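Colleague: Mind folding the following:
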Amino acid sequence: ANSEGQPGPQNYGRSHADGANMLADALKPFGGVVMWRAFVYDNNIKEDRAKQAYNEFTPLDGMFRGNVLVQVKNGPIDFQPREPFHPLFGAMPKTPLMMEFQITQEYLGFSTHLVYLGVLFKEVLAADTYAQGAGSIVAKIIDGSLEGHAISGIAGVANTGTDRNWTGHLFGQANWYAYGRLAWNHELSTEAIAEEWIRATLSNDAGVVQSVKKMMMASREHTVNYMTPLGLHHIMGWDHHYGPAPWIKDKHRDDWTSVYYHRADSNGIGFDRTATGSDAVSQYYLSVMKKIASPATCPEEYLLWFHHLPWDYRMKSGKTLWEELCYRYYAGVEGVREMQSAWNKLRGKIDEENFQHVQMMLGIQEKEAVWWRNACVLYFQTFSRRSIPAELEKPQQTLQYYQELSFPFAPK
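Modeller: Model (predicted):
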């Protein structure tokens, strides 16, 4: 309600709590609950999109009926390959919050990329909010144990469809499975869940299990590297979110463009969310805020989410930011090629139909990873004005070639 142009209680001078409570009162005699989404942002409010849900909902803490859960996405933007945990987790102790994950891969290559999301889910569930000191992890907030709530919940945007294997990509099943297992027991390891799925789906052979599990556990990081390394986010194709398009600008909403998020210019790249920028860091508890507010202590996987830094900023590896960005993009492609090599060695050890299916999908993923890498590196190079490191293979096409690619029939 009241998000992305949709109506809601605010159209009638009421709050999210008023809207949720109206429904909650109607459902209470029947034992019903209301799950009210906190995915709200308004382009007419000139505030960092990442801050808006927190700003709207924290003043309402304690105003919701007892049979209302507020449903919060895992991160403050929208199901990106990697986001920091949403600052609402831990910020509404009087209100049961439930998690919203995305099982389908809207921003992760659709159903043609092998990306094991159990790693993403667990990363968020295990994130420490410090809401009540160390150990106040997101999982304990949404299961109700940290704040003493009687009702709890978790939601997933499903990836099942009309394909015979339900999910298009065979390994999409593993994401559906991992979501279900973690929903009931967030203490399970992603490795254990992956092994369960492999044994149930592909083989009980120890060598096959270990090889496939290694692929799965590395796949999400490979994808982050060839799409949005170092905290970059929301640089996908306009509207359909398929493929790279960091050049998207001049649309009717700034917060639906790529340049809004990466803010690359001749001086550097990244979104300044510190006190000198949007100050989104202040929405986190002090222990977290202190860590992410300084480039020196901010985990590098979130660096450009919270900071706008010079192209020559020195990274922990000793490389400049520009060099590190290039190497991350190239490492993502190499990771997919490693998965291809590992999978090809399994021929004859698993069902041939499944083998050929995944082999074909990995071929598509490798081509699209190269597309992502080339398009993004060439585009950001127009701002950095620095060479791609000499030892890295050069893009096969020009930036103009990638910018002119069109996908009129991409699903939305």
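
Colleague: Going by C-alpha atoms from here, please, whenever you check contacts or count neighbours.
Modeller: Fine.

Colleague: in this protein, which spans are strands?
Modeller: All strands of the chain, identified by DSSP state E, fall at 34-37, 68-73, 97-102, 154-157, 268-269, 309-310.

Colleague: now what about stretch 34-47, what contacts it?
Modeller: Residues from elsewhere that reach stretch 34-47, judged by Cα atoms under 8 Å, 6 or more residues apart in numbering: 1-5, 20, 23-24, 27, 49, 52-53, 57, 67-73, 253-255, 278.

Colleague: Need the buried ones from those residues selected in PyMOL.
Modeller: Only the buried entries of the contacts of stretch 34-47 go into this PyMOL selection, using 16 or more other Cα atoms under 10 Å:
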select buried, resi 1+2+20+23+24+49+52+53+57+67+68+69+70+71+72+73+254+255+278
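
Colleague: and the protein, what are its domains?
Modeller: Domain assignment for the chain by automatic domain parsing gives 9-201, 254-271+308-403.

Colleague: Can you measure across the last one, start residue to end residue?
Modeller: The first and last residues of domain 254-271+308-403 sit 19 Å apart, counting by Cα to Cα, to the nearest Å.

Colleague: for it, the distance to its chain's centre please.
Modeller: Mean-position distance between domain 254-271+308-403 and its chain equals 17 Å (Cα atoms, centre = their mean, to the nearest Å).

Colleague: Repeat that for stretch 78-87.
Modeller: A distance of 5 Å separates the centroid of the chain from that of stretch 78-87, by Cα atoms, centre = their mean.

Colleague: Would you mind measuring the gap between the ends of that stretch?
Modeller: Terminal-residue distance, stretch 78-87 (Cα to Cα): 13 Å.

Colleague: And the contacts of that stretch?
Modeller: Stretch 78-87 has contacts (Cα under 8 Å, 6+ apart) with 54, 72-77, 101-102, 106-108, 120, 124, 127, 129, 220, 223-224, 227-228, 231, 233-234, 283-284, 302.

Colleague: and if we set it to 7 Å?
Modeller: Under the criterion Cα atoms under 7 Å, 6 or more residues apart in numbering, residues 54, 73-76, 102, 107-108, 124, 127, 224, 233-234, 283-284 lie in contact with stretch 78-87.

Colleague: now, which of those residues sits nearest residue 176?
Modeller: Using Cα to Cα, residue 102 comes nearest to residue 176 of the contacts of stretch 78-87, at 9.8 Å.

Colleague: Any idea how many residues pack against the closest residue in space to that closest one that isn't next to it in sequence?
Modeller: Using Cα to Cα, 6 or more residues apart in numbering and skipping residues adjacent in sequence, the residue nearest residue 102 is residue 157, 4.6 Å away. Residue 157 has 13 neighbours, counted by other Cα atoms under 10 Å.

Colleague: Hmm, residue 157 is touching residue 99, no?
Modeller: No - contact criterion Cα atoms under 7 Å: residue 157 and residue 99 do not qualify, at 11.0 Å.

Colleague: rewinding a little: possible to save the strands of the chain as TSV with distance to residue 208?
Modeller: TSV is the format used below for these (distance: least, Cα to Cα, whole Å):
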stretch	distance to residue 208
strand 34-37	41
strand 68-73	35
strand 97-102	28
strand 154-157	29
strand 268-269	42
strand 309-310	43
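
Colleague: Serialize those strands to JSON lines and add fields for mean pLDDT and distance to residue 355.
Modeller: JSON lines is the format used below for the strands of the chain (pLDDT from 0 to 100; distance: least, Cα to Cα, whole Å):
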{"stretch": "strand 34-37", "mean pLDDT": "98", "distance to residue 355": "40"}
{"stretch": "strand 68-73", "mean pLDDT": "98", "distance to residue 355": "34"}
{"stretch": "strand 97-102", "mean pLDDT": "98", "distance to residue 355": "26"}
{"stretch": "strand 154-157", "mean pLDDT": "98", "distance to residue 355": "27"}
{"stretch": "strand 268-269", "mean pLDDT": "98", "distance to residue 355": "41"}
{"stretch": "strand 309-310", "mean pLDDT": "98", "distance to residue 355": "44"}
